[in-house]
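Colleague: The following comprises the amino acid sequence and a computationally predicted model.
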Amino acid sequence: MSERQQEDNKSEQPMRHGFTTGACATAAAKGALTMLITQQSVHAAEVWLPAGFAHTFELIEGDYTRDMAQIATIKDAGDDPDATHKAKIIATVTWKDGGGIELDGGVGVGRVTKPGLPVAVGEAAINPVPRRMLTRVAEEVLSEFGIASDRGVRIVISVPDGEEIAKKTLNARLGILGGISILGTRGVVVPFSTAAYKASVIQALQVAKASGCKHIALTTGGSSEKYAIKMNPELSEEAFIQMGDFVGFSLQHAKRLGMAKVSLVGMMGKFSKVAQGVMMVHSKSAPVDFAFLAQVAAEEGASLELQQAIMEANTASQAGDLAAEAGIGTFFNRLCEYACRHALTHIGGGITVETVLVTMKGEILGRAEAVG
């Protein structure tokens, strides 16, 4: 068997899913709280994940006293090239007066120092979904053991190697200092297989063509697809395709398969990159160009002060917020025009491209259309 055939066979094997830092932290917190209440060792914890199923995590290095319990789990990222793979996630739980669940980060968990992130400045970098998971599992355990409502708990999540691991991430650029973030929206890490994802995009485009679609909507993920469906109720379900980060690739194949019009629907983070001419918008492939965003704002009449603020923004979304707060709504339309222009240049024209920028809540920020 040739080396190429071996690689092809390897790539066809199913890739193993892993679990997020948020899911691991939740499992450790459940184990630690159970130990604190029962004063008995535990070695595993089952957690219900947002992805829609339960998983049992192995727990290690448990220790407890009457007032404190601590236990850890080792993160398994599956076949995903994740910087936090094999990281030790520790939960320390103590009682607190007055009821309620208090969450914080310990050693190796970053702290937010800049606005524009889903966690407030000064808070531990534990994202919203893991916060809900941690709070819910603590409430469930307290309820299960009949703990009085006036007895609360404090949960601290630590990652001993977190500060070192964070050097391999974008945390410092985002203003998250001192360690990693506790992340995850579904609890599961889905391996990033470029070949497999591109194949699924082509397949979806072929299905759209076979269904008679001439106008399709390409989105970067589930949320933007949901908003695209609301905007285009006249289109059949086959017309909506999640292209992920592969903007240029998807546009090329949409043209090849005879689509007359493509609507690109997405949010500031990825689409600000399309506007600057980047056609592969994965976070590791190209950074957001804040100088470009400031230039676009200047074209729409932004003050020098606003341009400087956009240059210093933490995220593309924050740059957009600054423009919106200043009343420069045309900033988003101009970004959409740039995105359309670059898209048509990339594929050599021949179709109509529409770009729609939306917020996380599905509100339309800007819109433009260009004919190639």
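Modeller: Perfect, thanks for sending it.
Colleague: from here on, contacts and neighbour counts on C-alpha atoms
Modeller: Noted.
Colleague: all helices of the stretch 51-200 of the chain, in order?
Modeller: For the stretch 51-200 of the chain, the helices defined by DSSP state H, counting those that start in this stretch occupy 128-144, 162-166, 171-174, 194-210.
Colleague: can you count the residues close to the closest residue to residue 161 other than its chain neighbours?
Modeller: Leaving aside its sequence neighbours, residue 161 sits nearest to residue 108 (CA to CA, 6 or more residues apart in numbering; 6.1 Å). Neighbouring residues of residue 108 were enumerated by other CA atoms under 10 Å; the total is 22.
Colleague: re earlier: mind giving me TSV with the helices of the stretch 51-200 of the chain and columns for mean neighbour count and distance to residue 316?
Modeller: Listed next are the helices of the stretch 51-200 of the chain as TSV, based on neighbours: other CA atoms under 10 Å; distance: least, CA to CA, whole Å:
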stretch	mean neighbour count	distance to residue 316
helix 128-144	18	19
helix 162-166	19	21
helix 171-174	16	11
helix 194-210	16	25
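Colleague: how about JSON lines for those, with distance to residue 150 and mean pLDDT added?
Modeller: Shown next, in JSON lines, are these (distance: least, CA to CA, whole Å; pLDDT from 0 to 100):
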{"stretch": "helix 128-144", "distance to residue 150": "11", "mean pLDDT": "96"}
{"stretch": "helix 162-166", "distance to residue 150": "34", "mean pLDDT": "95"}
{"stretch": "helix 171-174", "distance to residue 150": "37", "mean pLDDT": "78"}
{"stretch": "helix 194-210", "distance to residue 150": "50", "mean pLDDT": "80"}
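Colleague: do you know which of those lies nearest residue 86?
Modeller: Between residue 86 and the helices of the stretch 51-200 of the chain, the shortest gap by CA to CA is with helix 162-166, which sits at 10.7 Å.
Colleague: That closest one - contacts with which helices or strands?
Modeller: strand 108-109, strand 179-180 (3 or more CA pairs under 8 Å, 6 or more residues apart in numbering; DSSP states H and E).
Colleague: Would you mind giving these as CSV with distance to residue 293 and mean pLDDT added?
Modeller: Compiled in CSV, the helices and strands packed on helix 162-166 are given as follows (distance: least, CA to CA, whole Å; pLDDT from 0 to 100):
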stretch, distance to residue 293, mean pLDDT
strand 108-109, 31, 98
strand 179-180, 28, 95
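Colleague: Now do the contacts for the residue nearest to residue 161.
Modeller: Taking CA atoms under 8 Å, 6 or more residues apart in numbering, we find residue 108 in contact with 158, 159, 160, 161, 162, 163, 178, 179, 180.
Colleague: So what does the third one have for phi and psi?
Modeller: Backbone torsions of residue 160, given as degrees, to the nearest 10, read phi -50, psi -40.
Colleague: Surely it touches residue 91?
Modeller: No - using CA atoms under 8 Å, residue 160 makes no contact with residue 91, being 11.3 Å away.
Colleague: Which one's more surrounded, the two?
Modeller: residue 91 (27 against 16).
Colleague: which ones are touching that one?
Modeller: By CA under 8 Å, 6+ apart, the neighbours of residue 91 are 25, 28, 29, 32, 70, 71, 72, 155, 156, 157, 158.
Colleague: Residue 60 reaches residue 70, doesn't it?
Modeller: No - judged on CA under 8 Å, residue 60 makes no contact with residue 70 at a distance of 9.6 Å.
Colleague: which sections of the stretch 251-372 of the chain are below the confidence cut-off?
Modeller: 283-284 (pLDDT under 70).
Colleague: repeat that with 90
Modeller: The model of the stretch 251-372 of the chain has pLDDT under 90 over residues 281-287, 360-361, 372.
Colleague: How far does stretch 266-285 sit from its chain's centre?
Modeller: The chain centroid and the centroid of stretch 266-285 are separated by 14 Å under CA atoms, centre = their mean, to the nearest Å.
Colleague: Tell me the buried residues in it?
Modeller: Buried positions in stretch 266-285, judged by neighbour count with 16 or more other CA atoms under 10 Å: 266-282.
Colleague: Just the ones of those residues in strands?
Modeller: Those of these mapping onto strands are residue 266, per DSSP state E.
Colleague: Burial check on the closest residue to residue 217 other than its chain neighbours, number of neighbours?
Modeller: Using CA to CA, 6+ apart and skipping residues adjacent in sequence, the residue nearest residue 217 is residue 263, 4.5 Å away. Close neighbours of residue 263, defined as other CA under 10 Å, add up to 22.
Colleague: quick one: strands adjacent to whichever strand or helix holds residue 263?
Modeller: Element membership for residue 263, per DSSP states H and E: strand 261-266. Under the criterion DSSP bridges, strand 261-266 sits next to strand 215-219 (parallel), strand 352-358 (parallel) in its sheet.
Colleague: what does it contact?
Modeller: 214-220, 224-225, 227-228, 251, 254, 351-358.
Colleague: Give me the number of neighbouring residues for residue 361.
Modeller: For residue 361, using other CA under 10 Å, the count is 9.
Colleague: will you turn the helices and strands packed on helix 162-166 into CSV that also has distance to residue 237?
Modeller: Below are the helices and strands packed on helix 162-166 laid out as CSV (distance: least, CA to CA, whole Å):
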stretch, distance to residue 237
strand 108-109, 42
strand 179-180, 39
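Colleague: hey, which of those is tucked in deepest?
Modeller: strand 179-180 (a mean of 30; mean count of other CA atoms under 10 Å).
Colleague: Does anything pack onto it? Which helices or strands?
Modeller: Strand 179-180 packs on strand 108-109, helix 162-166, going by 3+ CA pairs under 8 Å, 6+ apart.
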